[in-house]
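# what follows is a predicted protein model with its sequence.
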Amino acid sequence: MIEELNILRNKIDKIDKDLLKLLSQRISLVSAVGEIKSRDGLFIYAPDREEIIISCWRREAVVLGISPDLAEDVLRCIMSESYHNEYKKGFKMLRPNLGPIVIIGGTGQMGQFFCKMLTLSGYKVNILDKKNWIYAESILMDAGMVVISVPIHSVIVVAGKLSCLPSNCIIVDLSSIKKISLHAILAAHEGPVLGLYPMFNLDHGNMVKQVVIYCEGRYPEAYQWLLEQIRLWGARLHCCNIREHDQYMSLTQGLCHFITFMTGYYLSKEKINLTKMLSFASPTFRLKLITIGRLFNQDPQLYADIIMTSKNNLMLIKRYYRRLGRILILLERDKKQEFINQFKKIQNWFGTYTDRFCKESRKILRQINNYKNNI
């Protein structure tokens, strides 16, 4: 029996080596594709082509007796690595005559990320922060674009120090509350102004398939090239007004981060043994713990700004608190049917998204289950 197993395992090992060789060949071809895209200014992410390839893989997998979900998962992993390799080739510069780009707060994570992306596209980028602010006037005097990447509580102060900018200089704001930041910048600078907010973490190292929100400030014709440059980087752009931006940021960040914070606060006060909890955790609960733990791995000042700077966030949190109290009353009074009725109402509100989210979560939970024993 052992001899039979060894024969089969040796065949599997040979196939695995062949797969790695094929992957290496594919990566080489992808690098060549990346060079062409970089040279000719083609989009790094082609969603239509990607979906065609995935559909073909799924169909072929069925013919070969392979799970189409497995085939898609493998292909998506390969594609993700391919995008990473294409990034190394850089991007076409869409505004070659632009003056130097200055990133204020360029030593922070988001500032560093934009510095990398702009440098990969061939632009000259200078960093301005507290350490070299005494040279701000000389650094800013010929700037073609200024990117402000500082905490929201610092934006007003920074905006007030930009009077030396050329009138045609583009100011790009990356803060999370546009009513505060854009109003301050528009009051301080008479030239083009754009609000951007990347809706992703920086772990990916690239913008492929990531969402970037933008709010038009002033003279949009002056920064259309930048939006196109961001699309070249692979991002998906979504335009909204300042009010809509801040409304949804309050929900997706202010309220949700507060709820995550409170769950971590509660667990810490209960003195839960995390090691033991992880041994009892289902993949779904582990995902919740991952989300909580991720938040507490970040800069506390950043999350204090996100949650506490906006008055709208406080109003949302108060409404959440009142509604939590109403559900608590149902539990105290053992109103099981009323709880079920509320559940069904929420179920109806989600509609077909429940099926969609369930399908998406299966893949995430499968990955968590594959890795959970290694942590």
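Looks like it arrived, so ask away. Numbering: from 1, shown residues only.

# alpha carbons of stretch 119-138, as PDB, please.
Only the C-alpha atoms of stretch 119-138 are listed here, as PDB (Å, rounded to 0.1, in the frame of the first residue of the first chain):
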ATOM      1  CA  THR A 119       6.600  57.900  -9.500                       C
ATOM      2  CA  LEU A 120       5.700  54.700 -11.400                       C
ATOM      3  CA  SER A 121       4.000  56.900 -13.900                       C
ATOM      4  CA  GLY A 122       7.100  59.000 -14.300                       C
ATOM      5  CA  TYR A 123       6.100  62.200 -12.400                       C
ATOM      6  CA  LYS A 124       8.500  64.100 -10.200                       C
ATOM      7  CA  VAL A 125       7.300  63.900  -6.700                       C
ATOM      8  CA  ASN A 126       8.400  65.900  -3.600                       C
ATOM      9  CA  ILE A 127       7.400  65.200   0.000                       C
ATOM     10  CA  LEU A 128       6.500  68.000   2.300                       C
ATOM     11  CA  ASP A 129       5.900  67.300   6.000                       C
ATOM     12  CA  LYS A 130       6.700  68.800   9.500                       C
ATOM     13  CA  LYS A 131      10.400  68.000   9.100                       C
ATOM     14  CA  ASN A 132      11.000  70.100   6.000                       C
ATOM     15  CA  TRP A 133       8.100  72.600   6.300                       C
ATOM     16  CA  ILE A 134      10.600  75.500   6.800                       C
ATOM     17  CA  TYR A 135      11.300  75.000   3.100                       C
ATOM     18  CA  ALA A 136       7.600  74.800   2.100                       C
ATOM     19  CA  GLU A 137       7.600  78.000   0.000                       C
ATOM     20  CA  SER A 138      10.500  77.000  -2.200                       C
END
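
# residue 264 and residue 298 touch, don't they?
No: the pair residue 264 / residue 298 is not scored as a contact, 11.6 Å apart, by Cβ atoms under 8 Å. For glycine as for every other residue, the C-beta is placed from the backbone atoms N, C-alpha and C.

# and these two? Which one has more around it.
Per other Cβ atoms under 10 Å, whichever of residue 264 and residue 298 has more neighbours is residue 264, with 16 against 13.

# got the contact list for the more buried one?
Residues counted as contacts of residue 264 (Cβ atoms under 8 Å, 6 or more residues apart in numbering) are 292-293, 295-296.

# mind checking the SS state of it?
helix (DSSP: H, G, I helix; E, B strand; the rest coil).

# any idea how far it is from residue 130?
Distance of residue 264 to residue 130, computed by Cβ to Cβ, to the nearest Å: 31 Å.

# quick check: end-to-end length of stretch 342-360?
24 Å (Cα to Cα, to the nearest Å).

# any idea of the mean pLDDT for that stretch?
Averaged across stretch 342-360, pLDDT comes to 94.

# also stretch 212-221?
Mean predicted confidence for stretch 212-221 is 95.

# against which helices or strands is the host helix or strand of residue 225 packed?
Residue 225 is part of helix 224-232 when elements are defined by DSSP states H and E. If contacts are counted by 3 or more Cβ pairs under 8 Å, 6 or more residues apart in numbering; DSSP states H and E, helix 224-232 sits against strand 236-239.

# show me what the strand it packs on is in contact with.
Outside strand 236-239, the residues that reach it (Cβ under 8 Å, 6+ apart) are 209-216, 227, 230-231.

# ok, that strand: who's next to it in the sheet?
Here strand 236-239 is paired, per DSSP bridges, with strand 211-218 (parallel).
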